[in-house]
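Asks: got a predicted structure plus its sequence, pasted below:
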Amino acid sequence: MFAGDEKANSIEALTRFAQAIDQVPLVAVQGFDRDGIIRVWNDVSEKLYGISRSEALGRHIRDVLVSCRHHPGWEDEVARIWQAGKPAVPRDMQVATPAGGHVWVCSTMFPIREGEQTTGIYCIDIDITERKQRERDLLDKESRIRELFTKSADAIIMMREGQIQEFNPAALRLFGYGQDTNGLKGAVPYQISPKYQPDGRLSQEKMEEMHAIALKHGSHRFEWQYCTLDKRTFWGEVTLTVLDGSSDAFMYAIVRDITDRKRAEHELRLSAQVFEGSREGIAILDAKWCMMRVNAAFTELTGLQEQDIAGGGRDILRSDVHEPDFYERIKETVQRHGHWQGEIWGRRRNGESFPAWASVSAVRSSDQRIVNYIVIFSDISERKAAEERIRHLSEHDFLTGLPNRVLLLDRMHQAIASARRNRGKLAVLFLDLDRFKNINDSLGHHIGDNLLQALAERLKKCVRSNDTVSRQGGDEFVVMLSNIGDSGQVAHIAGNILHATGMPFYIESHTLTITTCVGISMYPDDGNDVDTLIKNADTAMYHAKESGRNNYQFFDHDMNVRMVERLTLEHELRVALDQNQLVLEYQPELDIGSGRIIGVEALLRWQHPEAGLLAPARFLHAAEASGLIVPIGDWVLQNACRQAKAWYDEGKPMRVGVNLSVIQFRQKDFLQKVRKTLEQTGLPPRYLELEITESVLLDASSSTMATMRALRDMGVALAVDDFGTGYSSLSYLKHFPVDKLKIDQSFVRDLADDVNDAAIIRAILIMAKSLKLKVIAEGVETMAQLDFLREQGCDEFQGHYVTQAVRPAELARFLQ
Ligand SMILES: Nc1nc2c(ncn2[C@@H]2O[C@H](COP(=O)(O)O[C@H]3[C@@H](O)[C@H](n4cnc5c(=O)[nH]c(N)nc54)O[C@@H]3COP(=O)(O)O)[C@@H](O)[C@H]2O)c(=O)[nH]1
């Protein structure tokens, strides 16, 4: 009974509840009793499960529901409700709809209690399909966002109150933390930045400003320099976005590494600066060689503006200096090798051509196509002009402007090559002015220079335009006559040259006359090459000098032999000086009245190892021509003085006469040498007599005169040697501080036969007496000669009549 009541109550309760909630839309309600028989099945359940109420009521809940919904453990749950009288935990589950689909329901089972009794169980299913869908969508979205976060190549950093909370793997990588997943946690952005940003601002201060801007506008993008864990700086582009606008701001930053971009930008800026700031003209051309852009220097150098080159201007810089195929060859080279550089003539806007140093480069795309050409050039007009000036200077004589030796040799090479091809001839004329040094010494170098310049002009007029007149230096000129006929033609030109040279020159207030000697060699007869031709012309010139002044000589092979002999002699003389092969002999000079030896003349000999004892006539000429006379003369002076001092010390004091060549006398330091020699040897100056020739007097300049006076002041005597053979007049002598005249032996030798010689000797003696000069006669060989000289009042004599020159040891015999 009780059970029946209970059941009835339960059913009644369920029914009441069912009626109440039947009105509830979207909530499916089912109720079943302790036997599991369905007692409540509302409208929504009908729709949800596709089972009408009449079909459901009275059937077992398991049979109806289990088939259309998945609810594992349902029976256990139901049993627990019956047992505990407590609702089950709500569950989401899928229900198969009659239409074959699925819906999601949140299903709750709870007991119907009557007092302490559970009288039934209600199932309430709320359709949550939409919510589930939303949840799933959300989940999908979230996982996508998570994936995005994780896989993003950009660093993503989440911050709260400016402190890093979360970050993705890209952030760890970017900041150099690798796999350390806690790496950035808790850091603040300025701690992962250098102390100062490149603009000089403190990173902390500037980052706060960035945050403030982001807070104000919701988001802010800026560039920032960060530094990695290992203190390497890099550039980031930061997008800072505010998620929560409160002061407790939640922000996230997306940091993209833009170091490469910044570098590229920097390089681009640099390139732009280089392009615009370059002093070299730069033009960028397209693949068809049409100009696209030019820089300021280009405009400055060429006068061409952007608008002039717009739309092409391929030929705009081409000058007429080059053949058209010159440019084609450049293009070909650039296309093949990517680059060309060299000298080129360009054209300015005004049509003027200018030399440029240019480089042309091809710019290729990644697929190796040529997309541009870059032309860089600099105007080298000034450099070319300077080079030309230097070249001209290096090839021309600065004084006369004539080609110098370098250019002459070059032209001779060409002329010989041409003559060889055409079986032609050429002539080389070697000119050396006679006594030019005298002009320099007596009138000064600037007069000498002017004379050389005037002479150069005259020489140019003597030859054709394709001939070359060159100055080798000093007073030497070489003329090359190219493509010349026979030697007659050459002789004619040489004659013209001598004539032109011999005409007076009017330099400042001076009227100057000079002569020259010309040596001539011809190709191919006298040589096949430049060196031989010049050498042989020089040899011929030397021969011309020897044959007297103002003439020309053609080279012949005997000359060469003589030249070789001379050179050999020169060489041997050097050896003689080095190896002490020189010796001095002394010829006594006697007082004609008493017959007493009052002095000696030192005479040079060469003890040649093969040829024996050589007289000065054999080698003096070569010594003078080579300049060796200077060291040889020094040697003679030294040894003669030393010997005289020895005699002086032995109590037999004797004046020693030393012969001087003109060259010696003209040395700038000659006076000092004499003084020094006297000091070194200790010979009192009055025991030294220097014998000069008339040529010294003839060429006497103010400096020669000064030297003579200084010598006399020193106490050294001066004698004029070989007197009578030169052209000095006796009256001329009074101007010179000389002490003695030495009558040349040629007058003495023929005294007996030649009345003229006797007359000359008489005249010399009379004039010398009036000038208070002593006179010594040389070359006295006979008693008759001596008697004559004594009768005429000659003071002294020397000669074989007494003795020839002897060595000091032998001289002692005469002294006794
Ligand atoms: N610059 C220098 N010149 C020098 C030097 N030594 C000599 N000389 C010059 O050489 C010329 C020739 O000299 P040398 O062969 O020595 O002849 C001298 C005498 O030996 C010769 N002489 C002397 N007496 C007679 C004689 O009776 N008969 C004769 N046939 N010859 C004789 O005369 C020469 C001396 O001449 P000079 O000098 O004119 O007095 C000679 O001209 C020297 O100048 C030197 O060191 N430096």
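Replies: Now that the structure is in, tell me what you want to look at. Numbering: from 1, shown residues only.
Asks: who touches the residue in the stretch 1-150 of the chain that the ligand sits nearest to in this structure?
Replies: With C-beta to the nearest ligand atom, the shortest gap between the stretch 1-150 of the chain and the ligand falls at T150, namely 112.3 Å. In short, each C-beta sits where N, CA and C put it, glycine included. By C-beta atoms under 8 Å, 6 or more residues apart in numbering, T150 lies in contact with 168-169.
Asks: show the pLDDT at it.
Replies: Per-residue pLDDT puts T150 at 87.
Asks: next, the residue nearest to the spatial centre of the chain: phi, psi?
Replies: The centroid of the chain falls nearest to R383 when counting by C-alpha atoms, centre = their mean (14.0 Å). The phi/psi pair for R383 (degrees, to the nearest 10) reads phi -60, psi -40.
Asks: any stretches of the stretch 101-250 of the chain with poor pLDDT?
Replies: 244-248 (pLDDT under 70).
Asks: okay, strands next: where are they in it?
Replies: Ranges of strands in the stretch 101-250 of the chain, per DSSP state E, counting those that start in this stretch, are 102-114, 117-127, 155-160, 163-167, 219-227, 233-244, 250-257.
Asks: deepest-packed of the ones you listed, please.
Replies: Mean neighbours per residue, mean count of other C-beta atoms under 10 Å, is largest over those for strand 117-127, with a mean of 22.
Asks: quick one: strands adjacent to that one?
Replies: strand 27-32 (antiparallel), strand 102-114 (antiparallel) (DSSP bridges).
Asks: helix, strand or coil for I484?
Replies: What DSSP: H, G, I helix; E, B strand; the rest coil gives for I484 is coil.
Asks: for it, give me its contacts.
Replies: 424-427, 490, 522.
Asks: what parts of the stretch 451-600 of the chain come near the ligand?
Replies: Q587 (C-beta under 6 Å from any ligand atom).
Asks: so which residue of the stretch 451-600 of the chain comes closest to the ligand?
Replies: Q587 (5.5 Å).
Asks: pretty sure that residue sits against Y801.
Replies: No: with contact defined as C-beta atoms under 8 Å, Q587 does not reach Y801; the gap is 11.2 Å.
Asks: who's more crowded, the two?
Replies: The neighbour comparison of Q587 against Y801 (other C-beta atoms under 10 Å) goes to Q587, with 20 against 16.
Asks: near the ligand, which residues of the protein? Just list them.
Replies: 587, 601, 603-604, 615-617, 620, 636, 659-661, 721-722, 742, 745, 778-781, 798-800, 804-805.
Asks: and the buried ones among the residues you listed, selectable in ChimeraX?
Replies: In ChimeraX, this line selects whichever of the residues of the chain next to the ligand come out buried by 16 or more other C-beta atoms under 10 Å:
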select :587,601,603,604,620,636,659,660,661,721,722,742,745,778,779,780,798,799,805
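Asks: keep only those of the residues of the chain next to the ligand that are in strands.
Replies: 587, 601, 603-604, 659, 721-722, 742 (DSSP state E).
Asks: need these in CSV with distance to L698 and pLDDT, can you?
Replies: Converted to CSV, these look like this (distance: C-beta to C-beta, whole Å; pLDDT from 0 to 100):
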residue, distance to L698, pLDDT
Q587, 26, 97
E601, 22, 98
L603, 24, 98
L604, 24, 98
N659, 17, 97
D721, 13, 90
D722, 12, 85
K742, 16, 94
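Asks: quick check, nearest of these to R173?
Replies: Here the nearest of those to R173, counting by C-beta to C-beta, is L604; it sits at 101.8 Å.
Asks: mind checking pLDDT for C68?
Replies: Value listed for C68 in the pLDDT field: 74.
Asks: now it, nearest residue through space, not along the chain?
Replies: Nearest non-adjacent residue to C68, counting by C-beta to C-beta, 6 or more residues apart in numbering: A96, 4.9 Å away.
Asks: quick one: contacts for that neighbour?
Replies: 68-69, 102.
Asks: same question, N422
Replies: N422 makes contacts with N483, as judged by C-beta under 8 Å, 6+ apart.
Asks: mind checking pLDDT for it?
Replies: 92.
Asks: ok, L671 - how many residues close by?
Replies: For L671, the neighbour count with other C-beta under 10 Å is 18.
Asks: mind listing the helices for the stretch 601-750 of the chain?
Replies: For the stretch 601-750 of the chain, the helices defined by DSSP state H, counting those that start in this stretch occupy 620-626, 629-649, 662-665, 670-681, 694-698, 702-714, 745-749.
Asks: the stretch 401-550 of the chain too?
Replies: 405-422, 436-443, 445-462, 487-502, 530-546.
Asks: average pLDDT across stretch 637-647?
Replies: Per-residue scores along stretch 637-647 average to 97.
Asks: which non-adjacent residue is nearest N639?
Replies: Nearest one to N639, counting by C-beta to C-beta, 6+ apart, is L584 at 5.5 Å.
Asks: I'd guessed that neighbour sits against A640; true?
Replies: Yes: counting by C-beta under 8 Å, L584 touches A640, with 6.1 Å between them.
Asks: more neighbours, these two?
Replies: A640 (25 against 20).
Asks: can you tell me how far the more buried one is from V656?
Replies: Distance from A640 to V656, counting by C-beta to C-beta, to the nearest Å: 5 Å.
Asks: now do the shared contacts for those two.
Replies: 602, 688.
Asks: show me where the stretch 1-150 of the chain has helices.
Replies: 2-22, 43-49, 53-56, 61-65, 74-84, 129-151.
Asks: the host helix or strand of the residue nearest to N639: which residues count as buried?
Replies: For L584, the host element (DSSP states H and E) is strand 582-591. Within strand 582-591, the residues scored as buried using 16+ other C-beta under 10 Å are 582, 584-590.
Asks: please apply the same query to stretch 625-638.
Replies: So, applying 16+ other C-beta under 10 Å, buried residues of stretch 625-638: 625-626, 628-630, 632-634, 636-638.
Asks: same thing with stretch 809-816?
Replies: Quick answer for stretch 809-816 (16+ other C-beta under 10 Å): L811.
Asks: average model confidence for that stretch?
Replies: Per-residue scores along stretch 809-816 average to 83.
Asks: contacts for that stretch, please.
Replies: 586, 588, 597, 600, 652, 802-803, 806.
Asks: neighbour-wise, which one of those leads?
Replies: For the contacts of stretch 809-816, the largest number of neighbours (other C-beta under 10 Å) sits with V600, at 28 neighbours.
Asks: just checking, that residue touches P588?
Replies: Yes: V600 is within contact range of P588, at 5.5 Å (criterion: C-beta under 8 Å).
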